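In: Just need the structure, nothing else, for what follows:
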Amino acid sequence: MRSAQQQRLSGLAVFFSVFLPFALGHYLSSLLRTVNAVLAPNLVHSLSLTSGQLGLLTSAFFFSFALVQLPVGIALDRYGPRKVQLVLMLLAGSGALMFAHGNSFAELVVARAVIGFGLGGCFMSAVKSISGWIAPERLPSVHGYLIAVGGLGAASATLPVRLALQFTDWRGLFILLGALAACIGLLIWLVTPRAATGAPRAPAPTMQSILDVYRDPAFRKTISLMLVPHTVFFGLQGLWMGRWLSDVAHFSDAAVAYLLYLSMAAVIFGAIAVGMITEWAGRRGVKPLDVAAVGVGLFVLVQIGIVLNFKPGFQTLSVLFTLIGTITGIEYAIVARSMPPSLTGRAATCLNLLIFIGAFLVQAGFGQVLGLWQANVLHQYPASAYQAAFGILVLLQLPGLVLYVRRRGSVAASARAQGHGEGAAVA
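Out: Sure, this is the predicted structure:
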């Protein structure tokens, strides 16, 4: 039951004191997750990084982000998002300052990891805080808006960052981002009502309760189709799509930044469209996982176009990759709807853990595959290197689609057999 203070707050007050402060944290998290896609040429030339080092550097964010999921989930339940986010955003700001002053590959990797640790609770803390103030029937649309804010952050990491580099270098940019992280943390602490985090402390989950999530048939059914595409989407759109446009399509840095801006902006529209399409299909009896399967199939087709090196469609493929790739975000909603209420909170945390570990492996592994080819004097890799790397990812996603189709066929066959049996009994 809502407290008296919650009842007194108007919708406008909830927007400014709850949604907006936490959404700004998610905005910054998305920005810093994808900013290396535009900064990659600057980082490569400043520190003479190889493709493998660039992949490891950028993916360190995902690795630390994944490691912090379970501890942050426990902390959010025990101490509330207001306190947790103040500490984490200050940590993220410190990591950004470390990155700005890093002079070696190792120093930048450590700094990038600290940034990941600090931003690891942004999305979950926003969801937890908003859920305490928004009516349950409005949560899906509000969560869609939250994801759209993240898309806006990713879009800000492209063309706006490119424009900012005309006035400062990448080090100055990270100093500004570090200050912004600290300000957001303080904003959350100052304006978020204490009652928003006033839920009773939850006991720490046991290892058995975590294993229950991974053993749940509904959870495993969902991730078998969507986990790998989700990690591919996260792992590539934050770095390698920009490098592919530069190395293979030979677009200028300014053109790459513009195309990445369009791609990240597509995430905003994609996130809203996915929710609308899923709701529309649900009214017609189509399950969310079936909608997701169609989206994953289209997502794989886009990647096949990249493998085939379809030159007339380079710009279109780069935008479609992120536009269609937003279908993977429905994974959270499917898991929440298909699992017992007692497991949904832990399921979100466990899903985040898998997604970001996978994104780390995809982003770092992609760079290692490119490193099997010789780069030119401009640190660019040939089209064949990218074709091989994308081809491997396509092959990794196909088993999930095949398993879904086979499972769908088995269900349909069982339904037909049951129908025939009932018909014979009537006869």
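
In: I'd say I223 and L351 touch.
Out: Yes: using CB atoms under 8 Å, I223 is in contact with L351, at 7.3 Å. C-beta coordinates here come from the backbone N, C-alpha and C atoms, glycine included.

In: Identify the contacts common to these two.
Out: Residues within reach of I223 and of L351 at once, by CB atoms under 8 Å, 6 or more residues apart in numbering, are E331.

In: How many residues are close by F251?
Out: F251 has 19 neighbours, counted by other CB atoms under 10 Å.

In: I should have written A375 there, sorry.
Out: 16.

In: neighbours of the nearest residue to it once chain neighbours are set aside, just the number please.
Out: Nearest residue to A375 in three dimensions, chain neighbours excluded: Y381, at 5.3 Å (CB to CB, 6 or more residues apart in numbering). Y381 has 23 neighbours, counted by other CB under 10 Å.

In: quick one: secondary structure of Y381?
Out: Judged by DSSP: H, G, I helix; E, B strand; the rest coil, the three-state class of Y381 is coil.

In: thought it was touching D247?
Out: Yes: distance between Y381 and D247: 5.2 Å, which falls inside the contact criterion (CB under 8 Å).

In: Give me the spatial nearest neighbour of F65, chain neighbours excluded.
Out: Once flanking residues are discounted, F65 sits nearest to G116: 4.2 Å by CB to CB, 6+ apart.

In: what helices or strands is the strand or helix carrying W189 leaning on?
Out: Using DSSP states H and E, W189 maps to helix 170-191. Helix 170-191 sits against helix 20-34, helix 36-47, helix 81-100, helix 159-164, with contacts defined as 3 or more CB pairs under 8 Å, 6 or more residues apart in numbering; DSSP states H and E.

In: Just the buried residues of the shortest one, please?
Out: Neighbour-count burial for helix 159-164, counted by 16 or more other CB atoms under 10 Å, picks out L159, V161, R162, A164.

In: how about the residues you listed in a markdown table, adding distance to L91?
Out: Below are those laid out as a markdown table (distance: CB to CB, whole Å):
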| residue | distance to L91 |
| --- | --- |
| L159 | 28 |
| V161 | 22 |
| R162 | 27 |
| A164 | 23 |
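
In: Check the residues you listed against R284 and report the nearest one.
Out: L159 (38.6 Å; CB to CB).

In: what residue lies at the spatial centre of the protein?
Out: By CA atoms, centre = their mean, the chain has its centre lying nearest to F234, at 5.2 Å.

In: give me the element it is part of.
Out: Here F234, judged by DSSP H and E, is contained in helix 217-235.

In: got the buried residues for that helix?
Out: 218-219, 221-223, 225-235.

In: Tell me what angle it forms with helix 20-34.
Out: Computed by axes from the mean of the first three to the mean of the last three CA atoms, to 10 degrees, the angle separating helix 217-235 from helix 20-34 equals 60 degrees.

In: if we can go back for a sec, now do the same contact list for the residue nearest to A375.
Out: Listed by CB under 8 Å, 6+ apart, the contact set of Y381 reads S51, R243, D247, L370, W373, A375.

In: Just those residues: which are in helices?
Out: Within the contacts of Y381, residues falling in helices by DSSP state H are S51, R243, D247, L370.

In: So which bits of the helix holding W189 are buried?
Out: Buried, per 16+ other CB under 10 Å, within helix 170-191: 170, 173-175, 177-178, 180-182, 184-185, 187-189.
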